[in-house]
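Visitor: 3D, please:
(2 chains)
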Protein chains: 2
Amino acid sequence: MADAPKANAVVGQSGGPTGVINASLVGIIEEAKKHPQIENIYGAVHAVAGMAKNEFVDLGKLSAETLEAVAASPSSAIGTSRDKPDKEYCARIMEVFKKRNIRYFFYIGGNDSANTAYILNMVADEVNFDIRSFHIPKTVDNDLLVTDHCPGFGTAAKFEACALMGDDLDNRALPGVKIDVIMGRHAGFLTASSVLGKQRDDDGPHLVYVPERPVSMDKFIGDIEGVLKKIGRCVVAVSEGICDSDGETWAKKLAEQAEVDAHGNIQLSGTGALADFLAGEVKSKLKVKRVRADTFGYLQRSFAGLQSAVDVQEARWCGRQAVQYAMEHDNGSVAMKRTGDGDNYKVELFRTELKNVAEKTKSMPDEYINAEGNGITEAFVKYAMPLTGGLPKTVYLANYPKI
Amino acid sequence: MADAPKANAVVGQSGGPTGVINASLVGIIEEAKKHPQIENIYGAVHAVAGMAKNEFVDLGKLSAETLEAVAASPSSAIGTSRDKPDKEYCARIMEVFKKRNIRYFFYIGGNDSANTAYILNMVADEVNFDIRSFHIPKTVDNDLLVTDHCPGFGTAAKFEACALMGDDLDNRALPGVKIDVIMGRHAGFLTASSVLGKQRDDDGPHLVYVPERPVSMDKFIGDIEGVLKKIGRCVVAVSEGICDSDGETWAKKLAEQAEVDAHGNIQLSGTGALADFLAGEVKSKLKVKRVRADTFGYLQRSFAGLQSAVDVQEARWCGRQAVQYAMEHDNGSVAMKRTGDGDNYKVELFRTELKNVAEKTKSMPDEYINAEGNGITEAFVKYAMPLTGGLPKTVYLANYPKI
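Guide: Numbering: from 1, shown residues only, chains lettered A, B, ... in the order given. Predicted coordinates for the structure are as follows:
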């Protein structure tokens, strides 16, 4: 294999923002500056869109202080994009790369981004312009193949855990049914994380529904009725991708029904519709007075000042490691392997082929979901807890012995 | 005035939970233990409901470690209630008080709770059973009279600021229109707090609508169109109590329209309906592709692990001070007076009469709202910023000079 060329590097951030995608960006920048083969390090403004339009910011001259502030900032500091580049789009990018002598490409994102890195590497080969193309994993959904987990997930999992800890205490203080709709169209990892803050036997969420297990409305209502009978209140965590027993998502059914029913300007396609629908069903079928529903929305991926320390450290390390791989390899994706658990939690990084991560995604393993399909197992808690970097403890006094 | 009697004390937490109502509870407990006049300190389980049903927990034997954990826990640790006690309800409470020799009553809550403390004090007088009745202020809405601000507001304000900081960065990374619906049916303090994290000239929220200023749909849409034309994106913070130009809330209009339009099980009465409605209006009238709306819901008052250090300290102090007042006075409400601002931010506590705080609420002063009624002034930032205990800094790089 040829020596690493002396050339410029570009970094892009792709897809939905996370709480630590900027930590990976900083990892790439700080490592790139250590390698004389990398002359300039450019940030592609809005990912592939900036690359095609020749819009870059200089990432090589940021102060150490600024870099630390970037690593602590949520969302994508150089902008992101959901564009899927076609052949012509890639050709434009190649022209820009050639013009600027960009031969190192680092792309932080999910499976689509790994695919983009793979395609750009191929397109470069076709036009005889050697580039080194690397993917750094990032998702809140934790749905990438090969890696043990994804940077971005731990911070979002911490958000869900803190949200449900507070929400369960709120529901204890003012009892009723509370439904929380959580991100994750196909994978239930984030919704499952709602259980991580549970500290008492009767802590909520008492029911958890993930996209991997279809549930009928009858079962959903029956489950809630059962919890209500037992403890007089019920907190439910539901994936936005929850499916009916026929395998179709409730959100889709709801949108179709709304189209038929809608009059005037009222639409049901907004983000709160699923939560409101589920709350309405519970209210009408169980005759419960106090039913509330929240949809956590974008706070889950962008809340400022809330990061998992473990997640930040790993995200930054993945960025640094990608640059190191680029000194030795043509392409690849950075992945994590777990080598220790619990108090001895540890990971190693390794390189995998781009095509191993591109396009496909993974779901929650069966062992993380209970047999009834309405709860999360200890195996998941063991898997996910270390990624949160630790959670606050809470106290509830009203269930202490009465005097 | 008579000496403070040797008797038992009861504490209750009333109305909606906050992030620091437990800090006030701990302040009361730790101070009560210093005064030999107070023999036992009972926690009323679910506020007046527990008092009427004779359901109490013992707060006098909690370890120092447990007390610290209670102070750090969100929501109401001894449960809360929205009951408004009538005459008969009060009579039952008096029987329990007599039976248990409870002569100190501490009630942490909003204006309704101050009223309950006032009424219980009167009822006690009527039956010739002297009690000392004190109110400790608590709201996320910050709408109590007399006091400079309410414990609970600073922590909720920090939540809004962190939420909007992240949300604005998310909107920069993936531009479009983003609408956030924030708690506050009558007072706009919490919605106004969405601006506290702004650090750059073009940071969002770019438009803020509070219940104090009615806005027509035409004005709302026109405002957003103006921001879009100027910077190509727009983040909007809206109070759940936003009113149309005829003074009626949008939420109420929406509920009425939904009742007429609804078929089958779909309801529009859930918490996400207003946000979805506003997003739908923007989408259809401005033909903007990317419009998103979130309703922050209960996270705003109960998120675990997120407190303003200033707010916690003040809430605890108010609790301690109430007990001190009870050694000298028959009744009263604890209030804060600001004696220093900015870097020299400081408050003093003082006692005010229960009836000064009971029932009525306050709105945002005019000077906190801009002339157009769609933004928040520097005067508000100066008022509210110290209460958050400081906010994280963020960096955005994509608007750095292009190279």
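
Visitor: Just give me the neighbour total for A:Asn40.
Guide: 18 (other Cβ atoms under 10 Å in any protein chain shown). (Each C-beta comes from the backbone N, C-alpha and C, glycine too.)

Visitor: Can you list the strands that whichever strand or helix holds it pairs with?
Guide: Using DSSP states H and E, A:Asn40 maps to strand A:38-44. In the sheet, strand A:38-44 lines up against strand A:7-13 (parallel), strand A:56-58 (antiparallel) (DSSP bridges).

Visitor: Name the residues of it that are buried.
Guide: A:38, A:40-44 (16 or more other Cβ atoms under 10 Å in any protein chain shown).

Visitor: Identify the bridge partners of A:Ile376.
Guide: Beta-bridge pairing for A:Ile376 (DSSP bridges): A:Ile369.

Visitor: Let me know the distance separating it from A:Ala47.
Guide: 34 Å (Cβ to Cβ, to the nearest Å).

Visitor: who has more neighbours, the two?
Guide: The neighbour comparison of A:Ile376 against A:Ala47 (other Cβ under 10 Å) goes to A:Ala47, with 28 against 24.

Visitor: so who does that one touch?
Guide: Applying Cβ atoms under 8 Å, 6 or more residues apart in numbering or on different chains, we find A:Ala47 in contact with A:12-14, A:79-81, A:83, A:107, A:109.

Visitor: What of A:Arg320?
Guide: By Cβ under 8 Å, 6+ apart, A:Arg320 lies in contact with A:27-28, A:30-31.

Visitor: related to what we said a few turns ago, nearest to B:Gly389, out of the strands paired with strand A:38-44?
Guide: B:Gly389 lies closest, by Cβ to Cβ, to one member of the strands paired with strand A:38-44: strand A:7-13, at 30.8 Å.

Visitor: Just give the nearest non-adjacent residue to whatever residue of the stretch 151-300 of chain A ends up closest to chain B, would you?
Guide: Chain B sits closest to A:Gly272 of the stretch 151-300 of chain A, with a gap of 1.4 Å, by Cβ to the nearest Cβ. Among residues not flanking A:Gly272 along the chain, B:Gly272 sits closest, at 1.4 Å (Cβ to Cβ, 6 or more residues apart in numbering or on different chains).

Visitor: and the one you found, what is it in contact with?
Guide: A:270-273, A:275-276, A:293, A:295, B:293, B:295.

Visitor: quick one: which of these sit in helices?
Guide: If you go by DSSP state H, those have A:273, A:275-276 in helices.

Visitor: Hmm, A:Ala379 is touching A:Glu367, no?
Guide: Yes. Checked against Cβ atoms under 8 Å, the pair A:Ala379 and A:Glu367 is within contact range at 4.8 Å.

Visitor: Report the residue ranges of every domain in chain A.
Guide: Chain A breaks down by automatic domain parsing into domains covering A:7-151+A:306-357, A:153-304+A:365-388.

Visitor: Show me where chain A has its helices.
Guide: Going by DSSP H, chain A shows helices at A:21-32, A:48-53, A:64-72, A:87-100, A:111-126, A:153-173, A:189-192, A:217-231, A:250-261, A:273-286, A:299-302, A:309-328, A:354-357, A:378-384.

Visitor: Let me have those in JSON lines, adding mean pLDDT as columns.
Guide: As requested, the helices of chain A are exported to JSON lines (pLDDT from 0 to 100):
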{"stretch": "helix A:21-32", "mean pLDDT": "98"}
{"stretch": "helix A:48-53", "mean pLDDT": "96"}
{"stretch": "helix A:64-72", "mean pLDDT": "97"}
{"stretch": "helix A:87-100", "mean pLDDT": "95"}
{"stretch": "helix A:111-126", "mean pLDDT": "94"}
{"stretch": "helix A:153-173", "mean pLDDT": "97"}
{"stretch": "helix A:189-192", "mean pLDDT": "98"}
{"stretch": "helix A:217-231", "mean pLDDT": "97"}
{"stretch": "helix A:250-261", "mean pLDDT": "68"}
{"stretch": "helix A:273-286", "mean pLDDT": "91"}
{"stretch": "helix A:299-302", "mean pLDDT": "94"}
{"stretch": "helix A:309-328", "mean pLDDT": "98"}
{"stretch": "helix A:354-357", "mean pLDDT": "97"}
{"stretch": "helix A:378-384", "mean pLDDT": "98"}
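
Visitor: I'd like to know which of the ones you listed lies nearest to B:Tyr325.
Guide: helix A:153-173 (26.0 Å).

Visitor: which other helices and strands contact that closest one?
Guide: Judged by 3 or more Cβ pairs under 8 Å, 6 or more residues apart in numbering or on different chains; DSSP states H and E, helix A:153-173 is in contact with strand A:177-182, helix A:189-192, strand A:234-239, helix A:299-302, helix A:309-328, helix B:299-302.

Visitor: To B:Val181, which of the ones you listed lies closest?
Guide: Nearest to B:Val181 among the helices and strands packed on helix A:153-173 is helix B:299-302; the distance by Cβ to Cβ comes to 10.4 Å.

Visitor: So which other helices or strands are in contact with that closest one?
Guide: Using 3+ Cβ pairs under 8 Å, 6+ apart: helix B:299-302 touches helix A:153-173, helix B:153-173.

Visitor: if we compare those, which one ends up closest to A:Asn22?
Guide: The closest of the helices and strands packed on helix B:299-302 to A:Asn22 is helix B:153-173. By Cβ to Cβ, the value is 9.3 Å.

Visitor: between the closest one and helix B:217-231, how many degrees?
Guide: Using axes from the mean of the first three to the mean of the last three Cα atoms, to 10 degrees, the direction of helix B:153-173 lies 60 degrees away from that of helix B:217-231.

Visitor: Between helix B:309-328 and helix B:153-173, find me the angle.
Guide: Using the same axes, to 10 degrees, the direction of helix B:153-173 lies 170 degrees away from that of helix B:309-328.

Visitor: Mind checking which residue lies nearest the centre of chain A?
Guide: The centre of chain A sits closest to A:Val140, judged by Cα atoms, centre = their mean, with a distance of 0.7 Å.

Visitor: Give me the longest strand you can find in chain A.
Guide: Secondary structure of chain A per DSSP state E: the longest strand is strand A:331-340.

Visitor: what residues are up against A:Ser363?
Guide: Counting by Cβ under 8 Å, 6+ apart, A:Ser363 makes contact with A:143, A:186-188, A:211-212.

Visitor: and with 7 Å instead?
Guide: A:186-187, A:212 (Cβ atoms under 7 Å, 6 or more residues apart in numbering or on different chains).

Visitor: same question, A:Ser113
Guide: A:Ser113 sits in contact with A:14-15, A:107, A:135, where contact means Cβ under 7 Å, 6+ apart.

Visitor: Pipe those into a markdown table and attach distance to A:Ile179 per row.
Guide: Listed next are the contacts of A:Ser113 as a markdown table, based on distance: Cβ to Cβ, whole Å:
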| residue | distance to A:Ile179 |
| --- | --- |
| A:Ser14 | 32 |
| A:Gly15 | 28 |
| A:Tyr107 | 37 |
| A:His135 | 36 |
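
Visitor: surely the residue nearest to the centre of chain A meets A:Gly152?
Guide: Yes. Assessed by Cβ atoms under 7 Å, A:Val140 is found in contact with A:Gly152 at 5.1 Å.
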